[in-house]
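# Structure of the sequence below:
(chains A and B)
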There are 2 protein chains.
Amino acid sequence: MAHHSRTLASLRVSPGKPALIAARDPGGTLGWDKESAAAGLEEARSRLAQLHQLLWAENKHAVLVVLQGMDTSGKDGVIRHVMTGVDPQGCKVTAFKRPSEEEADHAYLWRIVKALPARGDIGIFNRSHYEDVLIARVRSLVPEKEWRARYDQINTFEKLLVDNGTTVLKFFLHISKEEQKKRLQDRLDDPTKNWKFSMQDLEERKLWDRYMEAYEEALSRCSTPYAPWYIIPSDRKWVRNLAISRIIVETMESLGLEWPRPAFDPKSVVIE
Amino acid sequence: MAHHSRTLASLRVSPGKPALIAARDPGGTLGWDKESAAAGLEEARSRLAQLHQLLWAENKHAVLVVLQGMDTSGKDGVIRHVMTGVDPQGCKVTAFKRPSEEEADHAYLWRIVKALPARGDIGIFNRSHYEDVLIARVRSLVPEKEWRARYDQINTFEKLLVDNGTTVLKFFLHISKEEQKKRLQDRLDDPTKNWKFSMQDLEERKLWDRYMEAYEEALSRCSTPYAPWYIIPSDRKWVRNLAISRIIVETMESLGLEWPRPAFDPKSVVIE
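The predicted structure follows:
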């Protein structure tokens, strides 16, 4: 496990240092091989299911997993392949799309707060408050002064979460522009995937470089000791799934979860 | 499959007829054997995951699964064992506990409506609006006149749901009083299960016969052609899981789900 831990730690963006997304290989294998990855994923998923039962029973901590990445980077796939086996009672997924009128009438963190996981739950954010420094910046949805202020606000917000018992893990699913092209083409070619294709994705693709700039600043400024960002090589789905599942498992192992002791003496109870 | 369908159909409470819970065997095996049940469950779960992807892609129907049963009857277990493998994005579980003050200040269906699954989603109710004719009746939480009016209201409410695209399946997890005793004792004896034990469960157990009366009336009056009740023999967990998973699968098969056709010509799209 020590070996894995070192590999996984290399994916973490060191607080206060630049994320250097462009210098990282989205096609890397982390020294793993595809043949043994399936068994590794199965093992991690099974351990995750056990840890989730403990988390649920203990009812002290919440876990929040934030997934960000360009279209086709695999946010939906991670939820399907990594979180399968986790008890759906106690696993709450929220996809943040274009804000509703009611949401847009509130501060950007309002809808985020409403979706936070309860104690005992694993919450998954499919996109998140980071959109408010990503698309909001790239598409100038708010004045620069406003999105510039958000990096510090987000760090403050996440500190509050962590201080109140939520473990926060943030994953950037890093794919190459070439790989995105392949995946978009696949959505066009495969009739069972047509429904996933949106013309809007092509518009976003044109802004690829500006999105990378926005990600670089978000990950550099908002990877903190208490709520780290991980950059996950995601051109290969099996690397992506294995890395994320192992990071979640290792993090939850470190919580020291325990079966709660009863407030009564079980031996003294008689069932009629 | 026809053979299974007949077996499964026998679990359905015929609309307008008495449910006859007491005449049904909670320990029945439905002619299945435990050895092949594991493979059967695996097959049903895998098919369920596929159907859920179609449901999600098509985005026309919602599925609502209502789970009711005495303490230890296996509501949590069904969610964990049957729904595992279903994409947690698009599977929304709501456990209805004692109403909050805000909920109690509203009509009993208010919190139910708020928790309904969206199109494309499978919603699971761990307990439901049926508590409002079960515990509300047994413990006289509201005047008799009030809970008596609810059977018709519930039928009307569920008709509205069905007419607006939600498929409603209701399962009563039928266990014997003896089996409940074993399971409660197990929660006392096994330190990893102590947290599941509640003294309140013993109080409810004392009211077993009155709960069975309340269930008998609820299932008899609210099993409709559009939203049927199924009485699931649940003393054996493997029978319970297999029966429920197969009923959900057969019902979803009957929806005629299809991959949606794109609104554009995929061949005409060029990705830069």
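# for residue A:255, what are its contacts?
A:55, A:61, A:167 (C-beta atoms under 8 Å, 6 or more residues apart in numbering or on different chains). (Each C-beta comes from the backbone N, C-alpha and C, glycine too.)
# hang on, the last one is in a strand, isn't it?
I take that to be residue A:167. Yes - assessed by DSSP: H, G, I helix; E, B strand; the rest coil, residue A:167 belongs to a strand.
# Dig out what it forms beta bridges with.
residue A:63 (DSSP bridges).
# For residue A:11, see how far away it is.
17 Å (C-beta to C-beta, to the nearest Å).
# Check the second one too.
From residue A:61 over to residue A:11 the distance is 23 Å, taken as C-beta to C-beta.
# Spell out which residues of the stretch 151-272 of chain A are next to chain B.
A:181, A:184-185, A:188-189, A:191-192, A:194-197, A:199, A:202, A:205-206, A:259-262, A:264, A:266-267, A:269, A:271-272 (C-beta under 8 Å from any C-beta of the partner chain).
# Recalculate using a threshold of 7 Å.
Residues of the stretch 151-272 of chain A lying near chain B by C-beta under 7 Å from any C-beta of the partner chain: A:181, A:184-185, A:188, A:191-192, A:194-195, A:197, A:202, A:259-260, A:262, A:266, A:269, A:271.
# Please, where are all the helices along chain A?
All helices of chain A, identified by DSSP state H, fall at A:2-9, A:34-58, A:75-82, A:101-104, A:110-114, A:135-138, A:144-163, A:177-189, A:199-206, A:208-222, A:237-253.
# Residue B:234: which of the ones you listed is closest?
helix A:34-58 (20.8 Å; C-beta to C-beta).
# List the buried residues for that closest one?
A:37, A:40-41, A:44-45, A:47-49, A:51-58 (16 or more other C-beta atoms under 10 Å in any protein chain shown).
# Can you report how many residues lie near residue A:109?
Neighbour count of residue A:109, defined by other C-beta atoms under 10 Å in any protein chain shown: 14.
# from what I can see it touches residue A:158, true?
No - in terms of C-beta atoms under 7 Å, residue A:109 does not count as a neighbour of residue A:158; the distance is 10.4 Å.
# if we can go back for a sec, closest one of the contacts of residue A:255 to chain B?
residue A:55 (12.0 Å; C-beta to the nearest C-beta).
# quick one: pLDDT of the closest one?
Predicted confidence (pLDDT) for residue A:55: 98.
# who's in contact with it?
Residues near residue A:55 by C-beta atoms under 7 Å, 6 or more residues apart in numbering or on different chains: A:61, A:63, A:120, A:252, A:257.
# The same query, at a cut-off of 10 Å, please.
A:48, A:61-63, A:87, A:90, A:117, A:119-122, A:167, A:252, A:255, A:257 (C-beta atoms under 10 Å, 6 or more residues apart in numbering or on different chains).
# Could you do residue A:214 as well?
For residue A:214, the contact set (C-beta under 10 Å, 6+ apart) comprises A:130, A:133, A:134, A:135, A:136, A:137, A:138, A:139, A:147, A:207.
# Now the fourth one: closest residue in space, sequence neighbours ignored.
Leaving aside its chain neighbours, residue A:135 sits nearest to residue A:141 (6.7 Å; criterion: C-beta to C-beta, 6 or more residues apart in numbering or on different chains).
# What backbone torsions are found at that neighbour?
Reported as degrees, to the nearest 10, the phi and psi values for residue A:141 are phi -70, psi -20.
# pLDDT below threshold where in the stretch 151-272 of chain A?
Within the stretch 151-272 of chain A, the set of residues satisfying pLDDT under 70 is empty.
# can you rerun that using 90?
Confidence mapping of the stretch 151-272 of chain A against pLDDT under 90 gives the ranges A:262-264.
# wait, doesn't residue A:114 sit right on residue A:92?
No - using C-beta atoms under 10 Å, residue A:114 is not in contact with residue A:92; the gap is 11.3 Å.
# of these two, who's got more company?
The neighbour comparison of residue A:114 against residue A:92 (other C-beta under 10 Å) goes to residue A:92, with 21 against 10.
# so the closest residue in space to the more buried one that isn't next to it in sequence bridges to which residues?
Using C-beta to C-beta, 6+ apart and skipping residues adjacent in sequence, the residue nearest residue A:92 is residue A:123, 5.0 Å away. Residue A:123 forms beta bridges with residue A:64, residue A:92, as assigned by DSSP bridges.
# Give me the distance from stretch A:219-235 to the chain's centre.
Taking C-alpha atoms, centre = their mean, to the nearest Å, one finds the center of stretch A:219-235 at 10 Å from the center of the full chain.
# which parts of the stretch 1-150 of chain A sit against chain B?
Counting by C-beta under 10 Å from any C-beta of the partner chain, the residues of the stretch 1-150 of chain A close to chain B are A:45, A:49, A:52-54, A:56-59, A:75-95, A:122, A:124, A:126.
# Let's see that with 6 Å instead.
Counting by C-beta under 6 Å from any C-beta of the partner chain, the stretch 1-150 of chain A comes close to chain B at A:57, A:79, A:80, A:83, A:84, A:85, A:87, A:88, A:89, A:91, A:93.
# farthest pair in those residues?
A:57 and A:80 (25.5 Å).
# For residue A:96, the count of nearby residues, please.
Counted with other C-beta under 10 Å, residue A:96 comes out at 17.
# could you list every residue that touches it?
Residues in contact with residue A:96 (C-beta atoms under 6 Å, 6 or more residues apart in numbering or on different chains) are residue A:127.
# For the stretch 1-150 of chain A, which residues score under the pLDDT cut-off?
Where the stretch 1-150 of chain A drops to pLDDT under 90, the residues are A:1-7, A:84-85.
# rerun that using 50 as the cut-off
A:1-3 (pLDDT under 50).
# would you list the contacts of residue A:255 in TSV and tack on distance to residue B:6?
Putting these into TSV (distance: C-beta to C-beta, whole Å) gives the following:
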residue	distance to residue B:6
A:55	42
A:61	48
A:167	49
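# tell me which residues in stretch A:101-111 are buried?
Result for stretch A:101-111 [16+ other C-beta under 10 Å]: buried residues A:103, A:108, A:111.
# picking up where we left off before, can you list the helices of chain A in a markdown table and add distance to residue B:25?
As requested, the helices of chain A are exported to a markdown table (distance: least, C-beta to C-beta, whole Å):
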| stretch | distance to residue B:25 |
| --- | --- |
| helix A:2-9 | 50 |
| helix A:34-58 | 31 |
| helix A:75-82 | 38 |
| helix A:101-104 | 51 |
| helix A:110-114 | 46 |
| helix A:135-138 | 58 |
| helix A:144-163 | 50 |
| helix A:177-189 | 50 |
| helix A:199-206 | 55 |
| helix A:208-222 | 59 |
| helix A:237-253 | 42 |
